[in-house]
Structure formats: C-alpha cells, structure tokens
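# below are the sequence and a predicted model for it; my questions follow.
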Amino acid sequence: MGTDRIYLGIPRRLIPWYPTIDAELCTGCGLCVKACKHGVYEFDEQNGAAKVTSPYECEVYCQSCQFQCEVEAISFPEKESVKAIIRDLRKDYPPR
C-alpha cells in the first residue's frame, strides 16, 4: 500500500523517512503501536516487542511515536539529510 503513495509528487518509496527500533532498548510496552495512526508498526507477540512492518505508511517528518517511547528506542533519519534527498528527487519529479 505505502509503496504506491506520493509525497510532493515523489513516490513515497523513494523517501527514506521511517522509524527504526533499537531492539535492545525496546521494552515491549506497545505505546508506539497505539500512537501510530498510520499502521507503521505491529506488535510481535513472539518477541514481545514492536516492529516496523509498513515503513512507507509513515508520514514524512512525523515523529509522534518517538515521543511516546519512554526508553527512546525509536529513531528517525536526520531531517536535513531527508530534506536534501527530497530536493534532489524534485529534479526528477517536478511539481504538477
């Protein structure tokens, strides 16, 4: 589903903005799964932790799940580097 989405005229699958979970820090509280309104996460019952299952459903620059994580197990790429990637992609995908 997320691979077909478009952001500013750019295929969403080309924009590397999505969360990463540090498995060593994750306590399995599930707050990120509940906080994400876009279905980026699922709770892995076998491992007792959240996992990113739909990274391209993440809204570009959204970090609401990260702020819910009390142990800071969730990280995102640097915004400035993603902005640079988007600027470069805009050359191939100009606004319509």
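Everything's here; your move.

# what about this structure, any weak spots by pLDDT?
Low-confidence segments of the chain (pLDDT under 70): 1-3, 96.

# in it, which spans are strands?
6-7, 10-11, 20-21, 41-44, 49-52, 74-75 (DSSP state E).

# what about residue 8, neighbour count?
12 (other C-beta atoms under 10 Å). Every C-beta, even on glycine, is put in place using the N, C-alpha and C of the backbone.

# put together TSV for the strands of the chain, with mean neighbour count and distance to residue 60 on each row.
Output for the strands of the chain, formatted as TSV (neighbours: other C-beta atoms under 10 Å; distance: least, C-beta to C-beta, whole Å):
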stretch	mean neighbour count	distance to residue 60
strand 6-7	14	5
strand 10-11	16	9
strand 20-21	15	15
strand 41-44	17	17
strand 49-52	20	15
strand 74-75	18	16
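
# out of those, which gets nearest to residue 92?
strand 10-11 (8.2 Å; C-beta to C-beta).

# so what are the sheet partners of the closest one and their directions?
Here strand 10-11 is paired, per DSSP bridges, with strand 6-7 (antiparallel).

# can you pull the buried residues of the longest helix along the chain?
Assignment by DSSP state H gives helix 79-92 as the longest helix of the chain. For helix 79-92, the neighbour count (16 or more other C-beta atoms under 10 Å) marks 82, 85, 86, 89 as buried.

# from these, which is closest to residue 56?
Of all the buried residues of helix 79-92, the one with the least separation from residue 56 (C-beta to C-beta) is residue 82, at 13.3 Å.

# which residues touch that closest one?
Residue 82 makes contacts with 15, 16, 17, 60, 61, as judged by C-beta atoms under 8 Å, 6 or more residues apart in numbering.

# got the strands of the chain as CSV, with distance to residue 33 columns?
Listed next are these as CSV, based on distance: least, C-beta to C-beta, whole Å:
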stretch, distance to residue 33
strand 6-7, 23
strand 10-11, 26
strand 20-21, 11
strand 41-44, 4
strand 49-52, 5
strand 74-75, 11
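
# how much space between the most centrally placed residue in the chain and residue 58?
The centroid of the chain falls nearest to residue 18 when counting by C-alpha atoms, centre = their mean (2.1 Å). To residue 58, residue 18 is 4 Å away according to C-beta to C-beta, to the nearest Å.
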